[in-house]
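>>> Requesting a structural model of the entry that follows:
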Amino acid sequence: DDAALLRAPLRFDASLDCFAQFPFRHDLVVTVELAGTVLRVTTELDAVGEQPVPVAFGWHPWFDFPDVPRAEWEVRGPLHRRATLDAENIPTGEVAEAPLPQGALGGAFLDDVFLEVPDGTEVTVAAGPREVVVRYVQGYDVAVVFAPLILDTVCVEPMTAPTDPFRGWWPLRTCEPGEAVTAVYEIELRRRPTRLGE
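The predicted structure is shown next:
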């Protein structure tokens with residue numbers, strides 16, 4: 001009565017044309033639950049073949065606030081371990097202690113990959129009286145924060161691996177045959193606390 005549920009399964013095997021690009025048999029089930037102002041996305045990967053499956057998936061939720069100028073949007077979150085990127089925005093393998101800039105977006109361009117994100121981490125994008133919280137509930141230890149200059153949008157991406165994880169510098173997880181991996185994130189829409197008199 002107070003929630004909605006969508007469950008979508010996919011058998012990823014040689015019956016799909018794209019299997020040649022990622023030749024690892026697995027079942028993928030995405031469950032999306034909406035309850036109140038919280039959207040919960042659960043992704044389950046089951047290795048159903050005879051070889052391990054690399055765990056390298058993620059989501060790209062985009063947010064915008066059309067009634068508030070982009071420069072006034074605020075981005076906040078306890079992200080610190082930043083991957084150094086090359087000219088094509090691919091991680092080089094170097095990691096620096098470089099926190100996500102906090103506060104008003106202004107005219108900043110963001111395209112940053114953060115590593116070692118603990119479960120429970122929250123990244124907030126706020127504008128005017130509203131804020132959107134992306135909560136890293138379980139299994140996503142990489143966060144990408146993207147705010148392009150050509151679009152008024154911010155993308156906060158829960159990822160199980162950084163961009164181009166097959167270069168060998170990142171300890172890529174695998175799901176062994178007969179096992180499963182589950183990752184969960186939430187998006188919550190909230191009203192911001194107002195100051196007295198507003």
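>>> Contacts for the strand ranked longest in the chain, please.
The longest strand of the chain (DSSP state E) is strand 180-191. With Cβ atoms under 8 Å, 6 or more residues apart in numbering as the contact definition, strand 180-191 has outside contacts at 37-47, 55, 57, 59, 61, 129-140, 158, 160, 173, 175. Every residue, glycine included, has its C-beta placed from N, CA and C.
>>> One more pass at 7 Å, please.
Contact partners of strand 180-191, identified using Cβ atoms under 7 Å, 6 or more residues apart in numbering, comprise 37-46, 55, 59, 61, 129-140, 158, 160, 175.
>>> Tell me which residues of that strand come out buried.
Counting neighbours by 16 or more other Cβ atoms under 10 Å, one finds that the buried residues in strand 180-191 are 181, 183-188.
>>> partners of that strand in the sheet?
In the sheet, strand 180-191 lines up against strand 38-47 (antiparallel), strand 130-138 (antiparallel) (DSSP bridges).
>>> Please name the nearest non-neighbouring residue to Tyr136.
Nearest residue to Tyr136, sequence neighbours excluded (Cβ to Cβ, 6 or more residues apart in numbering): Thr121, at 4.4 Å.
>>> which residues are contacting the strand or helix carrying Gly93?
Following DSSP states H and E, one finds Gly93 within strand 91-97. Here strand 91-97 makes contact (Cβ under 7 Å, 6+ apart) with 80-86, 113, 115, 162-164, 169.
>>> Quick one: buried ones out of these?
81-83, 85, 113, 115, 162-163.
>>> Now, the residues you listed that are in helices?
In helices, defined here by DSSP state H, there are no members of the buried ones among the contacts of strand 91-97.
>>> Redo those residues as TSV? Include distance to Asp17 and pLDDT.
Shown next, in TSV, are those (distance: Cβ to Cβ, whole Å; pLDDT from 0 to 100):
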residue	distance to Asp17	pLDDT
Arg81	37	96
Arg82	36	95
Ala83	32	94
Leu85	31	91
Val113	29	96
Leu115	33	96
Pro162	27	93
Thr163	24	88
